[in-house]
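Visitor: let me see the structure of the following:
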Amino acid sequence: MLSVGLAAGGGLAAYHDFRNAQQTRLEFAKRDHHPANQIGGLTQKQYRQLAQLEYHSGSNPVILVNHGRSTLNPNAWRGDQVIYQQLDRAHRTSGSNTAFLNSRNHANTSLRTAQVFQPTGWHNNSDGNLVYNRGHLIAYSLTGGIDQHTGKFRAGTLGDQDNPRNLFTETDFTNEILQTYYETQVRHTIEQGKHVIYQATPIFRGNETMARGINLQALSTDGTLNFNVYLYNVEPGVNFDYQTGTMQVNQHSRVYVPTYMNENDSDDRSAGDGNLRIYGHYTPPFANAPRHYYRVNQ
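Guide: The predicted structure is shown next:
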């Protein structure tokens, strides 16, 4: 009888937790009066404003947009899928990819393979300096079961790996230190069984081939996850010509390393290149050089 009573009590508690969580979601959704067909997110005006920002050596590479609060619409959540934007006329991923995620979208990162697609502004890493990454807009670890062609859920599909509509030329620092931190927040939230809308928008200035940065925002339907940030696409010890993506070493170029961010959270191992092995770290509070790599035979 005791075991039955405990089970019943546990079941009752779980039911109340479920009802409370459901009520929280409903009350949160009521605060947003946008219809479900309006996803929200980054506006064209905000895009243009972000594109004009200049990074200054030693400053924080993370900027809060809208005071850090997402402008996504919680009422817009739908069955798990990713809305991939088409490449623009310059073949860039300049639009917003928006993901509607739940727990079954957490991909097994051990099944990742190397990427070969070269997005605009891409240059191969050389001289042992790890500067360029093939950055995902929507992380591999968040796209389990998503068909990269349709964006719809298809059971058994691996995470998004070498999809031209989901890649841009991103620095190793921005990808592995900054973006990873926010992707990890999204991943932990869906692991808790919650629903999340997540949007990523590379920001290009004019007709430049390399993005100046990326806007990330996420909102869970219960409101517990809510962020809206702009990440500068920068690398310590390097200056970029964003028109071409080419780099020039500048030992006086420093980037602030937020102490709460941890590169070990990254699921983008070996920078998407299966024959790279990475060593070295970005030393806080200011980094002034890239990490390094060596190639191995497979």
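
Visitor: is residue 175 in a helix, a strand, or coil?
Guide: helix (DSSP: H, G, I helix; E, B strand; the rest coil).

Visitor: which residues of the protein fall in helices?
Guide: For the chain, the helices defined by DSSP state H cover 2-30, 44-51, 172-173, 180-191.

Visitor: what's around the residue nearest to residue 128 when sequence neighbours are not counted, how many residues?
Guide: Distances taken as C-beta to C-beta, 6 or more residues apart in numbering place residue 292 nearest to residue 128, at 4.9 Å, with adjacent residues excluded. C-beta here means a position set from N, CA and C on the backbone, and glycine is covered the same way. Using other C-beta atoms under 10 Å, residue 292 has 14 other residues around it.

Visitor: likewise the one 3 residues further on?
Guide: Around residue 295 sit 11 other residues, with neighbours defined as other C-beta under 10 Å.

Visitor: is it in a bridge, and if so with what?
Guide: Beta-bridge partners for residue 295, by DSSP bridges, are residue 276.

Visitor: in this structure it contacts residue 130, no?
Guide: No: look at residue 295 against residue 130 with C-beta atoms under 8 Å: they stay out of range, at 11.3 Å.

Visitor: where do the contact lists of these two overlap?
Guide: Listed as contacting both residue 295 and residue 130 by C-beta atoms under 8 Å, 6 or more residues apart in numbering are residue 276.

Visitor: the helices of the chain: lowest mean pLDDT?
Guide: Among the helices of the chain, helix 2-30 has the lowest mean pLDDT, at a mean of 48.

Visitor: quick check: closest non-adjacent residue to residue 136.
Guide: residue 166 (5.7 Å).

Visitor: report pLDDT for that neighbour.
Guide: So residue 166 comes in at 97 (pLDDT).

Visitor: contact partners for it?
Guide: 82, 84, 93, 97, 136-138, 143, 148, 160.

Visitor: how does it look with 7 Å?
Guide: Residue 166 is in contact with 84, 97, 136-138, 148, 160, counting by C-beta atoms under 7 Å, 6 or more residues apart in numbering.

Visitor: got CSV for those residues, with neighbour count too?
Guide: What follows is the contacts of residue 166, written out as CSV (neighbours: other C-beta atoms under 10 Å):
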residue, neighbour count
84, 24
97, 22
136, 29
137, 28
138, 28
148, 20
160, 27
